[in-house]
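1. A structural model of the following input is requested.
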Amino acid sequence: MKKLALVLAVVMVLSLGLTACGGSTSSTGTASSAPAGSSSSGSASDAAPAYNPDALQVKALDDNTLQVTLTARTPYFLELTAFPAYAPVQQATVEANGEAWAVDAATYIGNGPYKIAEWVPSSHITMVKNENYWNVDSLAGPDTLQFTLMEDDAAQLTAFQSGELDFIDAVPNDEIDALSSTPEFYKEGQIGTYYVSYNTQAAPFDDPLVRQAFTLAVDRDYICKQIGKSGQIPAGAFVSEGLSDAAEGSSFREVGGDYYDPTAGANEANLAKAKELLAEAGYPNGEGLPTITYLYNEGTAHQQIGEALQQMWGQLGATVTLESQEWATFLNTRKSGDYQVARNGWLGDYNDPISFLDMWITGGGNNDAQWSNAEFDSLIKQIKSSGDAEARMEMMHQAEDIIFDEWMLCPIYY
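-> Below you'll find the model as predicted:
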């Protein structure tokens, strides 16, 4: 446990002390990073070895120094050190328990200010202060925290109103208007996109024309204002608003623009175009289309959006049925590709558009669309090996262009 606390301190030093990584060297704190084949200056390291793609190029030089060797300059590297996937875990515990270490309170060993004392699946997780936390003396929070595991947002609200819960992160959409004027209600922004996944290997969505038609038929303004009601922004692309572009002060979304007009004023023209595309695909007025099943996970907002899409796609002549699954089952169904069209969403992990784009590489773990494009794969590989900020951004715009050349997903809102 003490070693875990020490590693966290190292990661904090890394994020505070490192000013460059990949294409140049720097070690202004006690952590270091060096590009392939070069050395890291200062007292933190010896010469870095040649990069070995088959080995993890991360090592502890001493009790307070972590050295990371990169294949190329990585502009968002410092942000990665704050991303949960990069949190250190105790090697002995993982090796002794395999994947089961992360689903048992006895073996879920972390380095945060609180540790898990009890985990009852589908009920609650109880956490207590971690006596081994590196800065435990500064902890001013409660001695115990209990997180109730509850999927039903209506049940969450009832429990909150009765005093059973002190905080909830979702409410039924039809309650938002009444709750928004109360002092307990808060809206927090996220860098993310709510979208629809097409299974590009399943008919009729194996045809880009059908995918484009279904995408254009969506009235995003209605979904945002009548269902979302929380400041959602109609999406005209996949990469969310809020991410930087190469030029100082510019945003990726402003530079890239929209791939179609997502505003209410364009709905009539979009729908007309959608009907033309569907006819071109061989389904005039929806004739010959198989019944479409829209899959979503439990939640009033997801259900209401599904019902709206059912009506909107019905204007194309499509017959759409709705299917709801509980969260774990839903994730497995979507990942396995056992669906036609499904609700989806993605939150950016760090301030770089690649966090939205590299999920679509062939065979990627988050590529629920079962999509494959060799040109796209090549661009992502080049982006990840380039240290040129302007070239990277240009290639990322090209990668997003390919997504909408093939219309392999349907953005709803940011």
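2. Arg73: neighbour count?
-> Counted by other C-beta atoms under 10 Å, the residues lying close to Arg73 total 19. All C-beta atoms are positioned from the backbone trio N, CA, C, and that covers glycine.
3. What strand or helix carries Tyr133?
-> Assigned by DSSP states H and E, Tyr133 falls within no helix or strand.
4. what about the residue lying closest to it once chain neighbours are set aside, distance to Glu394?
-> Closest residue in space to Tyr133, ignoring its immediate chain neighbours: Pro113 at 4.9 Å, by C-beta to C-beta, 6 or more residues apart in numbering. Noted for Pro113: a distance of 42 Å to Glu394, by C-beta to C-beta, to the nearest Å.
5. residue contacts, the residue nearest to Tyr133?
-> When contacts are counted by C-beta atoms under 8 Å, 6 or more residues apart in numbering, Pro113 touches Lys129, Asn130, Tyr133, Asn135, Val136, Leu139, Gly141.
6. what's the answer for Lys129, then?
-> Per C-beta under 8 Å, 6+ apart, neighbours of Lys129: Pro113, Tyr114, Lys115, Val136, Leu139, Gly141, Asp143.
7. Of those, which pair is most distant in space?
-> Checked with C-beta to C-beta, these reach their widest spread between Lys115 and Gly141, with 13.1 Å between them.
8. Tell me which of the two has more neighbours.
-> Lys115 (18 against 9).
9. Was I right to think the more buried one contacts Met127?
-> Yes: Lys115 is within contact range of Met127, at 6.4 Å (criterion: C-beta atoms under 8 Å).
10. and Thr321, how many neighbours does it have?
-> 12.
11. Apart from its chain neighbours, what residue comes closest to it?
-> Thr293 (5.1 Å).
12. Kindly provide the distance from the one you found to Leu216.
-> 21 Å.
13. more neighbours, these two?
-> Higher neighbour count among Thr293 and Leu216: Leu216, with 25 against 14, using other C-beta under 10 Å.
14. you'd agree that one is up against Lys273?
-> Yes: counting by C-beta under 8 Å, Leu216 does reach Lys273; the two are 5.5 Å apart.
15. per the record, what domains does this structure have?
-> Domain ranges of the chain: 2-86, 91-179, 192-413, per automatic domain parsing.
16. mind putting those domains in a markdown table, mean pLDDT and distance to Phe185 included?
-> Formatted as a markdown table, the domains of the chain follow (pLDDT from 0 to 100; distance: least, C-beta to C-beta, whole Å):
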| stretch | mean pLDDT | distance to Phe185 |
| --- | --- | --- |
| domain 2-86 | 54 | 27 |
| domain 91-179 | 92 | 5 |
| domain 192-413 | 96 | 10 |
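17. Can I get these in CSV including distance to Tyr186?
-> Output for the domains of the chain, formatted as CSV (distance: least, C-beta to C-beta, whole Å):
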stretch, distance to Tyr186
domain 2-86, 23
domain 91-179, 10
domain 192-413, 10
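18. chain center to stretch 99-117: distance?
-> 23 Å (C-alpha atoms, centre = their mean, to the nearest Å).
19. let me fix that: stretch 220-239
-> Per C-alpha atoms, centre = their mean, the centroid offset for stretch 220-239 relative to its chain is 18 Å.
20. C-alpha coordinates for it, CSV please?
-> C-alpha atoms of stretch 220-239 as CSV (Å, rounded to 0.1, in the frame of the first residue of the first chain):
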residue,chain,number,x,y,z
ARG,A,220,-31.9,17.0,-33.5
ASP,A,221,-33.3,20.3,-32.4
TYR,A,222,-36.5,18.5,-31.2
ILE,A,223,-34.5,15.9,-29.3
CYS,A,224,-32.3,18.6,-27.6
LYS,A,225,-35.2,21.0,-26.7
GLN,A,226,-38.1,18.6,-26.0
ILE,A,227,-36.3,15.6,-24.6
GLY,A,228,-32.8,16.6,-23.4
LYS,A,229,-33.8,20.0,-21.9
SER,A,230,-30.3,20.4,-20.4
GLY,A,231,-28.4,22.5,-22.8
GLN,A,232,-27.5,19.8,-25.4
ILE,A,233,-26.3,21.2,-28.7
PRO,A,234,-27.5,19.6,-32.0
ALA,A,235,-24.5,17.8,-33.5
GLY,A,236,-23.4,18.3,-37.1
ALA,A,237,-20.3,16.1,-36.8
PHE,A,238,-18.8,13.4,-34.5
VAL,A,239,-15.9,15.1,-32.7
